[in-house]
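> Generate a structure from the sequence data that follows.
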Amino acid sequence: MRDLARAVLAVARVAWLEGAAARLPAAIPVYALLVAGAAFLLPAPDPADRARVVLDASVAASFAVAALAIGAFAATTVSREFETGLEASIAVKPAGSTPRIFGRAFGLALWAALLVAAQGAIGWTVLAASTGRSAGAPAFARPARFEAGRSGVFLGPHERTPRELSGTEAFSVEGEARPMWVFEDAPAGPARLSVSARIRQARTDVELGSVLVAARRGNGRPEGTLVRVQTGRPSLVEVAPPGEGALEVVLHPVEGALLEVDGRSVRRSVGEGSFLANYASAQVGVFLAVLAVGGIGLFFSATCRSRVALLYTTAVALAAASLGPMRTFERVLGEGPEAVADLERTLESFGPGASGEHDHDHAASSADPGAGWSGLGATVRVLVAALPDLGANDFRGDLASGVRIEPGPLAGRAARTAGSRAVLLSRSSMGRAWTAREGRR
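Predicted coordinates:
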């Protein structure tokens, strides 16, 4: 075991030196130029709007620059051993394929940590300089800490004994059941709430929807506030119902939408957190995404030539980054022929020569998607099951809303990334041994 660890560290040192020779540190000034350009060159009439633009640019550029640099280097680092003839000299050494793959993965992880940390420091410095701590600063400059209350479901408008909210449940305008949350220790006065939900309409997810937030204290009069909710991003709302006692909050779907919530969809602000800590947490998500891209690159680099590995890595990384829309498409296909027909008619309405006329014969034939849609659905389902969801590591929604990024989601993402990376590296090691034994690339 000690010899194995020594071999892994030795290969990691070689990978670190190769990264320096490949000019990986050049990604840092490139990122600095992108963020500085967003901060000083992009037009924004309102300073708060400019700060939000810089926030989005700082995180998005960190994703793009670090992932591109690490992914491209990982896709070529192992395959070069065959192409340069280095494999023939390494094969006589007592280092097998496993320590060489895991050593390079460790060296790549060190480079990813360095790039993401440096980019995070630059991004935070620019953001802190552009926002300050004034009363007019954007919400993300003063992130709030939230706590969940006791959740339940009212089965009807006159129900006073709610049942427990079990997992994620859906509520419609036509139904009488409504989700509720109770905050027993909420102090008197205004309360700041975080509302997050998934809005579904016409069988598909939509980006924006309206939710009526009804709040009251004790037996006081309830007050309603219409809140625009974006799927995947928490929305902040301040309520101040009259009366005393525990704060009760009920969500009502509007506009014919289907509202999907869980026990943490409504939370109450209990204090202010650190902008630095919140931004650092977002950079952890960036680091996990870069690690996933590096693992994908090593996998293809161990079994393909450099150019092919680079092409495959880029294609898979782009597909993994768009996995969220692909999952939405998968849900549409899973709704059955009617949902597919709706989607088909929607797409055709944007085509050339589209008119408002309704073709009954075509509508009837669209209700049966046929083998083409079935094959597409199977392909999408396979991709969704096989690809890592890189978009889930993007916490810009929480950052922009001023919501503290909690350690639970980060720990879950880290565990899933570590598991998928270990599987990829193990397969890379086996592929490396096979290609070396066969003597071909």
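> longest helix anywhere in this protein?
Using DSSP state H, we find that the single longest helix of the chain is helix 97-131.
> buried ones in it?
97-109, 111-112, 114-116, 118-120, 122-124, 126-127, 130-131 (16 or more other Cβ atoms under 10 Å). Any C-beta I mention is one placed from the backbone N, CA and C, and that applies to glycine too.
> what about that helix, distance to the chain center?
18 Å (Cα atoms, centre = their mean, to the nearest Å).
> cool, stretch 237-254 as well?
That offset, for stretch 237-254, works out to 30 Å (Cα atoms, centre = their mean).
> how far does it stretch from start to finish?
17 Å (Cα to Cα, to the nearest Å).
> And for stretch 16-33?
25 Å.
> pLDDT averaged over that stretch - what is it?
The average pLDDT within stretch 16-33 is 91.
> need the strands for the stretch 101-250 of the chain, in chain order.
For the stretch 101-250 of the chain, the strands defined by DSSP state E, counting those that start in this stretch occupy 144-148, 150-154, 169-171, 178-183, 191-195, 198-201, 204-205, 208-217, 223-230, 235-239, 247-253.
> Output these as CSV; include the columns mean neighbour count and distance to residue 15.
Below are the strands of the stretch 101-250 of the chain laid out as CSV (neighbours: other Cβ atoms under 10 Å; distance: least, Cβ to Cβ, whole Å):
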stretch, mean neighbour count, distance to residue 15
strand 144-148, 18, 40
strand 150-154, 18, 48
strand 169-171, 17, 48
strand 178-183, 21, 50
strand 191-195, 21, 42
strand 198-201, 18, 42
strand 204-205, 18, 41
strand 208-217, 19, 45
strand 223-230, 16, 41
strand 235-239, 17, 44
strand 247-253, 22, 51
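> Residue 305: which of the ones you listed is closest?
Proximity to residue 305 (Cβ to Cβ) singles out strand 204-205 among the strands of the stretch 101-250 of the chain, at 40.0 Å.
> Could you export stretch 388-407 as CSV, CA atoms only?
This file holds the C-alpha atoms of stretch 388-407, laid out as CSV (Å, rounded to 0.1, in the frame of the first residue of the first chain):
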residue,chain,number,x,y,z
PRO,A,388,-23.3,13.6,-14.7
ASP,A,389,-25.4,16.7,-14.1
LEU,A,390,-22.9,19.6,-14.3
GLY,A,391,-25.7,22.2,-14.2
ALA,A,392,-26.6,21.0,-10.7
ASN,A,393,-23.3,22.4,-9.5
ASP,A,394,-24.3,25.9,-10.5
PHE,A,395,-25.5,27.8,-7.4
ARG,A,396,-25.9,31.2,-9.1
GLY,A,397,-29.6,31.1,-8.3
ASP,A,398,-29.0,31.0,-4.6
LEU,A,399,-26.3,33.6,-4.9
ALA,A,400,-28.3,36.1,-6.9
SER,A,401,-31.3,35.7,-4.6
GLY,A,402,-29.2,36.4,-1.5
VAL,A,403,-29.9,32.9,0.0
ARG,A,404,-27.2,31.2,1.9
ILE,A,405,-25.9,28.1,0.2
GLU,A,406,-26.2,25.3,2.8
PRO,A,407,-23.7,22.6,3.3
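> Summarise which helices and strands the longest helix of the chain is packed against.
Other helices and strands packing on helix 97-131, by 3 or more Cβ pairs under 8 Å, 6 or more residues apart in numbering; DSSP states H and E, are helix 2-21, helix 27-40, helix 47-77, helix 275-301, helix 407-438.
> do that again at 10 Å, thanks
Contact analysis of helix 97-131 by 3 or more Cβ pairs under 10 Å, 6 or more residues apart in numbering; DSSP states H and E lists helix 2-21, helix 27-40, helix 47-77, helix 86-90, helix 275-301, helix 407-438 as its packing neighbours.
> Would you mind getting the angle between the third one and helix 97-131?
Put plainly, it is helix 47-77. 160 degrees (axes from the mean of the first three to the mean of the last three Cα atoms, to 10 degrees).
> The fifth one too?
With the same axes, to 10 degrees applied, the angle from helix 275-301 to helix 97-131 works out at 150 degrees.
> Give me the packing partners of helix 275-301, helices and strands only.
Judged by 3+ Cβ pairs under 10 Å, 6+ apart, helix 275-301 is in contact with helix 47-77, helix 79-83, helix 97-131, helix 306-321, helix 396-401, helix 407-438.
> mind redoing it with 7 Å?
helix 47-77, helix 97-131, helix 306-321, helix 396-401, helix 407-438 (3 or more Cβ pairs under 7 Å, 6 or more residues apart in numbering; DSSP states H and E).
> model confidence over the longest one, on average?
In other words, helix 97-131. On average, the pLDDT along helix 97-131 is 88.
> so what's residue 280 up against?
Neighbouring residues of residue 280 by Cβ atoms under 7 Å, 6 or more residues apart in numbering: residue 120.
> Check the one 5 residues further on too.
For residue 285, the set of contacting residues under the criterion of Cβ under 7 Å, 6+ apart consists of 393-395, 410, 413.
> make it 8 Å
Residues near residue 285 by Cβ atoms under 8 Å, 6 or more residues apart in numbering: 393-395, 405, 410, 413.
> Just send these back as a markdown table, with pLDDT too.
Shown next, in a markdown table, are the contacts of residue 285 (pLDDT from 0 to 100):
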| residue | pLDDT |
| --- | --- |
| 393 | 84 |
| 394 | 84 |
| 395 | 84 |
| 405 | 82 |
| 410 | 85 |
| 413 | 84 |
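> contacting residues for residue 273?
143-145, 404.
> Now distance to residue 230 and pLDDT too, for those residues, in a markdown table please.
Putting the contacts of residue 273 into a markdown table (distance: Cβ to Cβ, whole Å; pLDDT from 0 to 100) gives the following:
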| residue | distance to residue 230 | pLDDT |
| --- | --- | --- |
| 143 | 18 | 81 |
| 144 | 18 | 79 |
| 145 | 21 | 81 |
| 404 | 18 | 79 |
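> Distance to residue 224 added to those residues, as a markdown table?
Formatted as a markdown table, these follow (distance: Cβ to Cβ, whole Å):
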| residue | distance to residue 224 |
| --- | --- |
| 143 | 27 |
| 144 | 22 |
| 145 | 26 |
| 404 | 27 |
